[in-house]
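Participant: here is a sequence together with a model predicted from it:
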Amino acid sequence: MDLEGRTTYWEYIGEMTAQNFEAYGYVAPTIADSTALGDFVSTFKVIAHTDNEDIYFESEPGSGHSIDNLSPETPTVFSGIFNEGQIDLLWSGPVDEDFSIFNIYRNNEFYTTTLDSQFVDTTIPNMQEINYQISSLDYSGNESGFSQTITVQATITGDLNGDNGWNILDIVILANCVLTGTCG
C-alpha cells in the first residue's frame, strides 16, 4: 500500500494456536476509537502458518473500527448543604480514564457542567426545596446514569415570607405578629 508517497507496513499484534476449528476469532487492539468527530479505521490481515515455512495462507486485508459506546461510571457519595445563601454540592471524583466533565441537573433540568467533583450554586431559585443530580461524560460523549437525587432545603432563618432572603418584608411580618399577638 502507498499513502501519500509513504510505504505502509504490517505490524504484528498477536497469535493463537490452530485447533482445527472451522472459524476463528481474535480481539485485536485498535489505536483509537471512532467518535462523533470521525471514524478511525484499522486494517488487519491474517497469516496462517503450517509446519512447512514455505506453505502459509495470507488473507485479504479487512478493515473495521471500534467505537466507544461505554458510559462512564455514575458519580456516587453525593451530598449538598445550604450555607449562607448558596448550596455547596460534593460528590465522588471521576474514575474513568476518558472522563471529560460532570453534568449538573437542578430540578430535573440540565443546569451546568464542571470539571471538579464539587460545585457551589450561588443562583438559588425562589423555592425551599431544590433537587440535584450529577452525571459523568466521557470524551466520546457517552453520559453515565444519574446519581441519586438529593434534595437540599434552601431556607434562611428569619425568612418569614419565603422569598429565600432576609429583608424588610420579614421585619414587617414579624412586627405585625408581635403587635397583633398572632405569633406562634
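Facilitator: Structure's in. What do you need? Residues are numbered from 1 along each chain as shown.
Participant: which residue ranges of the chain form strands?
Facilitator: Here the chain has its strands, by DSSP state E, at 2-3, 6-7, 42-44, 47-49, 56-58, 62-64, 79-83, 86-90, 99-106, 109-114, 118-121, 129-138, 150-153.
Participant: so for Ile13, which of the ones you listed sits nearest?
Facilitator: strand 42-44 (7.8 Å; Cβ to Cβ). Yep, even glycine has a C-beta here, placed from its N, CA and C like the rest.
Participant: where are the low-confidence patches of this structure?
Facilitator: Applying pLDDT under 70 to the chain picks out residues 1-6, 156-158, 160, 162, 164-165, 184.
Participant: at 50 instead, please
Facilitator: By pLDDT under 50, the low-scoring segments of the chain are 1.
Participant: surely Asn108 and Ile130 touch.
Facilitator: No - applying Cβ atoms under 8 Å, one finds Asn108 not in contact with Ile130, separated by 11.0 Å.
Participant: tell me which of these two has more neighbours.
Facilitator: Ile130 (19 against 10; other Cβ atoms under 10 Å).
Participant: in a markdown table: the strands of the chain, plus distance to Ala23.
Facilitator: Shown next, in a markdown table, are the strands of the chain (distance: least, Cβ to Cβ, whole Å):
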| stretch | distance to Ala23 |
| --- | --- |
| strand 2-3 | 31 |
| strand 6-7 | 32 |
| strand 42-44 | 15 |
| strand 47-49 | 12 |
| strand 56-58 | 14 |
| strand 62-64 | 14 |
| strand 79-83 | 53 |
| strand 86-90 | 52 |
| strand 99-106 | 38 |
| strand 109-114 | 46 |
| strand 118-121 | 52 |
| strand 129-138 | 33 |
| strand 150-153 | 51 |
